[in-house]
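*Asks:* What follows is a predicted structure for the sequence shown.
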Amino acid sequence: MSAESKDRRALGAIFGRLFENEFATLDGIALSCRTHDGIEYVEGLAALRLWLDDRVTTTPAEPSDPAIVALHEACHAAAPGHDTVISGWSRHLRILLRAGFPPPPATSMLRNRGVDGLAAHLVEPMALQGAAVRETVARAQEVAVTGGMRHHLLISTDGYVVVSGAPPTEAMAHWHNVELAARVECLRIEDAALLGED
Amino acid sequence: MNVQGYDDARRLLARVAGVLYDRRLTELVGGNMSLRIGEAVVMTPTKASEARGWRLGAADVLVQRLDGELLVGEEAMISREIRIHRRLYQTFPEIGCIFHLHMPEAIAAAVARWQPGVVAATTDPYGAAVVVLERELRAQTEPHDARAVELLGQVSRAEGAIAIGSMHGTFGVARDLPTNVRAADVFRQRLEADLLAARLRRARAGSSA
């Protein structure tokens, strides 16, 4: 198996772990890793294809959306020590933010990884596109250094989450932590409402 | 029995059947899935849900020609709903995969929020084009199947289209299997997200009252 195909398999396996437990959906998920001669990508349908069928050998070279490519390139360029970037909609965070709720409180799993509050990582959706991307990623790097984080975290105000980190499984954990916190918050809000009705 | 050219498709369909169940896209008393390979249909066996819990192996998966000739498997294992699969493949040559799923969110939405007819002609906003059949149409009858074909003929299908039978389930079609998985999964996720958002708004309204 070539190094590229091994990298793709690793990304496919990570996608599968996130997808199986409904942390990731097929709505806009993209994963990439640094290779010896560039960046290897899998996104949505290609990731699903890889995960479903381990005999798949070909996938598109890069995401069809140039904004996703630019975002991942900027993340890889900003963090030479990181090897993996994951971006996609956090399902429950998206619901919370769109319904007008603030970002959820940090769980201990987030705090253990240097994230004391998600608000510090929020950016406008436009900050993840076009010429603004590199500046946004540079700011994420500063926040990471200040907070002693071993990964970079960006969250758009409409619920799109971008993580870079290393190794791939740790990047997966960072990305999943945001959706987990949002899941907990949705349940807490509903629980509190039910208790209030009693 | 192995038939050259179908083994990969049989293996893949067996795996995907389990994935669809695990993702809560169907349940344990019905449903069926198929792939089109040229002039043949690769399909899950009858009672794959209740008898097998959607845990299938490649050897469980049948192959039947579009004209009805069985190539792999036993006649007794053919689902009665394969007729509508073959009809959809013959009517819409661009589709390569069909899932009949008993998806609770879709059944509920068809009853609670949508009128019969075309709900969404493209994948926006639900991740799949959506049509709803009239409530009086009973599943596994000619009027039901004919109406499903008619309504699916009015929407974009290659990227995913879903016909919902009232209090029964969905027939989802797409150009290939991963695209059909995506359509079904994104559709359910978006319906679930709508419901959760509504509950959260209600919870907030209750707490501020």
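*Replies:* Structure's in. What do you need?
*Asks:* in which helix or strand would I find the closest residue to chain A within chain B?
*Replies:* Distances between chain B and chain A by C-beta to the nearest C-beta are smallest at residue B:203, namely 3.4 Å. Where C-beta positions appear, they are placed from N, C-alpha and C, glycine not excepted. Assigned by DSSP states H and E, residue B:203 belongs to helix B:177-208.
*Asks:* and that helix, how far from the chain's centre?
*Replies:* Here the centre of helix B:177-208 is set off from its chain's centre by 19 Å, with C-alpha atoms, centre = their mean, to the nearest Å.
*Asks:* helices or strands next to it in the packing?
*Replies:* helix A:44-52, helix A:91-98, helix A:168-197, helix B:7-22, strand B:97-101, helix B:104-112, strand B:161-165, strand B:169-174 (3 or more C-beta pairs under 8 Å, 6 or more residues apart in numbering or on different chains; DSSP states H and E).
*Asks:* quick one on the thing from earlier: ok now do the residue of chain B closest to chain A, which residues does it touch?
*Replies:* A:189-190, A:192-193 (C-beta atoms under 8 Å, 6 or more residues apart in numbering or on different chains).
*Asks:* got it, and residue B:207?
*Replies:* Counted by C-beta under 8 Å, 6+ apart, residue B:207 has contacts A:192-193, A:196.
*Asks:* Show the low-confidence segments of chain B, by residue range.
*Replies:* B:1-4, B:209 (pLDDT under 70).
*Asks:* ok, which residues in it are in contact with chain A?
*Replies:* Residues of chain B lying close to chain A by C-beta under 8 Å from any C-beta of the partner chain are B:8, B:12, B:15-16, B:19, B:22-23, B:127, B:177-179, B:181-182, B:185-186, B:189, B:193, B:196-197, B:199-204, B:206-207.
*Asks:* Could you pull out the buried residues of stretch B:164-181?
*Replies:* Residues of stretch B:164-181 classed as buried under the neighbour-count rule (16 or more other C-beta atoms under 10 Å in any protein chain shown) are B:164-166, B:168-181.
*Asks:* do stretch A:164-178 as well
*Replies:* Applying 16+ other C-beta under 10 Å to stretch A:164-178 flags A:164-166, A:168, A:170-178 as buried.
*Asks:* Of those, which fall within the contact range of chain B?
*Replies:* Counting by C-beta under 8 Å from any C-beta, no member of those reaches chain B.
*Asks:* Looking at the residues you listed, spot the one nearest residue B:158.
*Replies:* Residue B:158 has its nearest neighbour among the buried residues of stretch A:164-178 in residue A:175, at 30.6 Å by C-beta to C-beta.
*Asks:* Name the residue of chain A that lies nearest to chain B.
*Replies:* For chain A, C-beta to the nearest C-beta, closest residue to chain B: residue A:193, 3.4 Å.
*Asks:* How much space separates the closest residue to that residue other than its chain neighbours from residue A:96?
*Replies:* Of all residues not flanking residue A:193 in the chain, residue B:203 sits nearest, at 3.4 Å (C-beta to C-beta, 6 or more residues apart in numbering or on different chains). The spacing between residue B:203 and residue A:96, counted by C-beta to C-beta, to the nearest Å, is 12 Å.
*Asks:* Please report the distance of the closest residue to residue B:160 other than its chain neighbours from residue A:168.
*Replies:* Distances taken as C-beta to C-beta, 6+ apart put residue B:183 closest to residue B:160, at 2.5 Å, once the chain neighbours are dropped. Going from residue B:183 to residue A:168 by C-beta to C-beta gives 28 Å.
*Asks:* re earlier: would you mind giving the helices and strands packed on helix B:177-208 as a markdown table with distance to residue A:36 added?
*Replies:* Listed next are the helices and strands packed on helix B:177-208 as a markdown table, based on distance: least, C-beta to C-beta, whole Å:
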| stretch | distance to residue A:36 |
| --- | --- |
| helix A:44-52 | 20 |
| helix A:91-98 | 34 |
| helix A:168-197 | 16 |
| helix B:7-22 | 31 |
| strand B:97-101 | 37 |
| helix B:104-112 | 45 |
| strand B:161-165 | 42 |
| strand B:169-174 | 36 |
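*Asks:* after the helix or strand hosting residue A:76 comes which helix or strand?
*Replies:* Element membership of residue A:76 [criterion: DSSP H and E] is helix A:66-78. Next helix or strand after helix A:66-78 toward the C-terminus (DSSP H and E): strand A:84-89.
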